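**Student:** Make a model of this:
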Amino acid sequence: MTPRSFLPQIVGLFYAHFDATLGPVVLHQVPDNLITSRATTSTGELDNRSRSRSRSRSRAPPPPPPIRAISPSSISSSISPQYNSTLLNFGLISEYVIPKKSLHSRLVTLLTTGMDEDEKVEYRIMGFPNVLIGEGGRYKRNEYMWNLCFVFHASSSLEAFEPIVRKCARILRSAERDSSYLTGSSPEHTRLPAVLEQLFEDLNSYSETSIPLDGFNSLELKLFPFYPNPPDCEDWHVPIALVNLNALKDDNWDITAARVSGYVDGINHVKKIAELADADDALTRETLKHMLFYQVVMMIDIFQYSNMYTLKPAISRLGSDETIITECPPYVTRPGFPHPEWPVLLRLYSKLTPGVTIHEWIESNEVLSMGIDPRRFVSFGIIKGFLRRVHRWPKMIERGSPLIPPPVEGRRRVGFDDSARIGSQTTLGTRGDNRSHGGDSGLSRPGESAFTLRSVGSNASLGVSPTSRHLATPPSINGRSPNRRNLAFSSSHNQPTTSSSTATTTTHLPRSHASVSVADSHPSTSSRRAVGGTSNSAYSGTHGGGGGISGFVGGTGGAGGSGIRFGLNARQREEAAAIRAVEEMEEDLIAYLDGTHHTDEIQVRFEMGWDKLEMILGLDQIKQGLGKKGVTMVYR
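**Tutor:** Below is the predicted model of the structure:
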């Protein structure tokens with residue numbers, strides 16, 4: 001049996017048609033012992049007469065049977081070899097070689113079993129059945145059905161022969177219409193048995209042929225290697241160039257391909273290549289898929305010292321391959337070191353087993369002292385096909401503690417210089433300021449310094465509360481101390497103002513919101529007053545106490561560019577955004593822990609190394625196959 005290849009060898013060809021008297025029969029075949037000539041009705045008694053024209057010696061035609069008549073064309077036919085010496089039995093496949101009209105003008109491929117040296121062998125037969133309608137009694141029964149079939153081994157890839165079979169059927173159909181090439185005889189015709197012989201020899205030897213048929217039509221055929229569709233190219237794959245890409249590059253190359261090819265070094269993965277080449281990720285993947293299609297690159301896994309590898313069964317065959325023995329030492333040895341012998345390298349390959357990382361393998365076998373490059377050592381085994389990666393597939397069994405803890409507050413609150421604030425010309429609610437409109441004290445209390453608008457804006461830009469820690473929260477509207485659920489701001493000591501230009505309105509919201517008091521006054525007065533309530537967020541910095549507006553819920557509007565916000569200040573917004581980002585990242589990570597995503601994909605997706613991922617998943621402490629956060633690891 002021939003091995004699977006892009007251009008498989010043709011085992012044989014045969015031409016069959018539907019005889020008006022005998023039914024489906026084989027007229028010509030190459031070689032002679034390819035197939036029996038006719039379908040039989042009994043499995044024990046087979047017809048030994050052949051309707052094929054032999055390429056070798058001729059025999060006298062047998063006498064006709066007493067009951068069944070023989071067509072005149074069989075008189076000049078030779079006897080085919082006995083059934084026990086042929087490869088295929090036509091009786092088993094005749095209804096597909098000359099099929100029903102529904103399969104005519106369609107490519108038909110069938111799998112059958114034949115006998116080769118008393119052993120059962122599987123073959124594939126490909127044909128394109130045709131039917132021609134005669135006019136004026138040109139054909140018996142007014143139609144002519146025929147098929148030219150190619151025979152291959154069952155393991156062959158037949159995509160390259162599909163256009164060949166179609167074109168042969170199309171040219172023979174045209175020749176029959178023009179000059180009755182298939183059903184008539186003429187001195188200008190090239191005999192069909194000779195055509196089959198030349199097809200068999202030329203396509204197997206030269207992958208092309210040119211055969212004139214009748215002076216009007218000719219078979220001009222050429223086989224082209226069929227490249228299968230490339231596999232999917234993912235962000236975590238690492239391309240290795242199998243040819244010199246720089247030597248192939250020219251001015252007609254696509255811009256993305258020209259950029260990407262410069263970073264294909266066997267180390268960079270696809271996502272990193274896109275970043276280095278400043279190219280779109282999708283275009284980079286498409287470019288590398290084109291390179292995979294033309295087999296100028298191949299894909300391997302990201303090399304990490306935490307990876308695990310193991311030998312494939314092919315090492316028993318490839319371990320004695322002279323090509324591998326010669327190429328391996330110079331490829332895996334670093335410059336300046338002597339080349340190790342092949343038995344030494346083979347022993348090192350045998351030490352790569354599941355459960356042993358590359359780092360542990362290097363330490364236990366003193367690989368670096370021998371001058372061996374671990375990355376090239378592993379790449380050589382993968383390229384040659386006797387080494388494979390052992391992937392780790394994390395799977396969450398039970399959800400325990402959070403995978404990613406919330407961010408820890410890393411900023412220090414900055415104190416204020418009271419001396420810098422006292423005496424400022426733009427104070428916020430000082431008792432002695434005539435611009436306070438009705439004596440509203442705003443956020444200040446007796447005996448405490450006031451804040452300037454400039455200091456409030458600068459403090460908000462630093463992400464700190466505009467009030468200092470020692471300030472007390474103003475009393476609530478009901479005269480009680482405020483709590484985390486109910487904060488209210490009003491005038492000083494909760495006393496209504498008597499100024500005609502100021503009217504205080506108190507609005508009580510549901511318990512889930514804040515109780516807010518708003519002063520409808522002159523715009524210059526209201527713009528200096530911070531209005532808000534408690535925060536609904538569980539991650540707010542302070543709730544009451546010193547931070548006067550640390551827990552506000554509301555809009556983000558301010559007045560005069562001073563940095564005063566009706567809600568969370570800048571620092572709290574940053575903290576809340578960081579917490580939301582962590583929560584979203586954790587949910588995304590949990591979605592990847594279903595046992596269908598290996599660690600390379602997760603590391604590239606979340607941009608983290610194995611050490612960090614191992615700690616996040618709690619795999620640094622595994623007991624009875626389960627990590628401390630409910631994640632287990634599957635190796636395959």
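
**Student:** so what's R411 scoring on pLDDT?
**Tutor:** pLDDT, R411: 48.

**Student:** go on, I616?
**Tutor:** 89.

**Student:** That one: neighbour count?
**Tutor:** 21 (other C-beta atoms under 10 Å). C-beta here means a position set from N, CA and C on the backbone, and glycine is covered the same way.

**Student:** how near is I616 to I590?
**Tutor:** 11 Å (C-beta to C-beta, to the nearest Å).

**Student:** Show the contacting residues for the nearest residue to D214 once chain neighbours are set aside.
**Tutor:** Among residues not flanking D214 along the chain, S179 sits closest, at 4.4 Å (C-beta to C-beta, 6 or more residues apart in numbering). Contacts for S179 were tallied using C-beta atoms under 8 Å, 6 or more residues apart in numbering; they are 186, 188-189, 214-216.

**Student:** ChimeraX command for the buried members of the residues you listed?
**Tutor:** A single ChimeraX command selects the buried members of those (16 or more other C-beta atoms under 10 Å):
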select :189,214
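
**Student:** export the contacts of S179 to JSON lines and tack on pLDDT?
**Tutor:** Shown next, in JSON lines, are these (pLDDT from 0 to 100):
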{"residue": "S186", "pLDDT": "86"}
{"residue": "E188", "pLDDT": "87"}
{"residue": "H189", "pLDDT": "91"}
{"residue": "D214", "pLDDT": "88"}
{"residue": "G215", "pLDDT": "84"}
{"residue": "F216", "pLDDT": "88"}
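
**Student:** Could you tell me which residues touch both of I616 and I590?
**Tutor:** Joint contacts of I616 and I590 (C-beta under 8 Å, 6+ apart) are L403.

**Student:** and C149, which of the three is it?
**Tutor:** Secondary structure state of C149, per DSSP: H, G, I helix; E, B strand; the rest coil, is strand.

**Student:** can you pull the contacts of it?
**Tutor:** Taking C-beta under 8 Å, 6+ apart, one finds 13-16, 97, 125-127 in contact with C149.

**Student:** Which ones among these lie within strands?
**Tutor:** Under the assignment DSSP state E, the contacts of C149 contribute 13-16, 125-127 to strands.

**Student:** so D600 makes contact with F303?
**Tutor:** No: the criterion here is C-beta atoms under 8 Å, and D600 misses it with F303 at 10.4 Å.

**Student:** just the strands in the stretch 501-636 of the chain please.
**Tutor:** Shown for the stretch 501-636 of the chain, the strands assigned by DSSP state E, counting those that start in this stretch span residues 503-507, 516-520, 622-623, 626-627, 631-635.

**Student:** So D600 and F303 - more neighbours on which side?
**Tutor:** D600 (22 against 18).

**Student:** how close does that one get to K628?
**Tutor:** D600 sits 23 Å away from K628, going by C-beta to C-beta.

**Student:** and if you look at L22?
**Tutor:** Counting by C-beta to C-beta, the gap from L22 to K628 is 80 Å.

**Student:** More neighbours: which of the two?
**Tutor:** L22 (18 against 14).

**Student:** nearest to K351, of the ones in strands among the contacts of C149?
**Tutor:** Distance to K351 across the ones in strands among the contacts of C149 (C-beta to C-beta) is lowest for M126, with 48.0 Å.

**Student:** ok, the closest one touching F152?
**Tutor:** Yes: M126 lies in contact with F152 (C-beta under 8 Å); the separation is 7.1 Å.

**Student:** list residues touching both of the two?
**Tutor:** The contact lists of M126 and F152 share 158, 161, where a contact means C-beta under 8 Å, 6+ apart.

**Student:** residue boundaries of the strands in the stretch 301-450 of the chain?
**Tutor:** 308-311, 387-390, 392-396.

**Student:** For the first one, what does the pLDDT average out to?
**Tutor:** Averaged across strand 308-311, pLDDT comes to 95.

**Student:** Then the last one?
**Tutor:** Mean per-residue pLDDT for strand 392-396: 92.

**Student:** Can you name every helix or strand that it contacts?
**Tutor:** helix 599-606, strand 631-635 (3 or more C-beta pairs under 8 Å, 6 or more residues apart in numbering; DSSP states H and E).

**Student:** can you redo those as CSV with distance to G400 and mean pLDDT?
**Tutor:** Below are the helices and strands packed on strand 392-396 laid out as CSV (distance: least, C-beta to C-beta, whole Å; pLDDT from 0 to 100):
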stretch, distance to G400, mean pLDDT
helix 599-606, 18, 91
strand 631-635, 9, 89
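
**Student:** which of those is buried the deepest?
**Tutor:** For the helices and strands packed on strand 392-396, the largest average neighbour count (mean count of other C-beta atoms under 10 Å) is found in helix 599-606, namely a mean of 19.

**Student:** who's in contact with that one?
**Tutor:** 234-236, 269, 271, 301-302, 391-394, 585, 588-589, 592, 609-610, 613.

**Student:** could you redo the last one with a cut-off of 6 Å?
**Tutor:** The contact list for helix 599-606, computed with C-beta atoms under 6 Å, 6 or more residues apart in numbering, reads 235-236, 271, 301-302, 392, 592, 613.

**Student:** ok so, going back, what's the closest of the strands of the stretch 301-450 of the chain to Y263?
**Tutor:** Judging those by C-beta to C-beta, what sits closest to Y263 is strand 387-390, at 22.2 Å.
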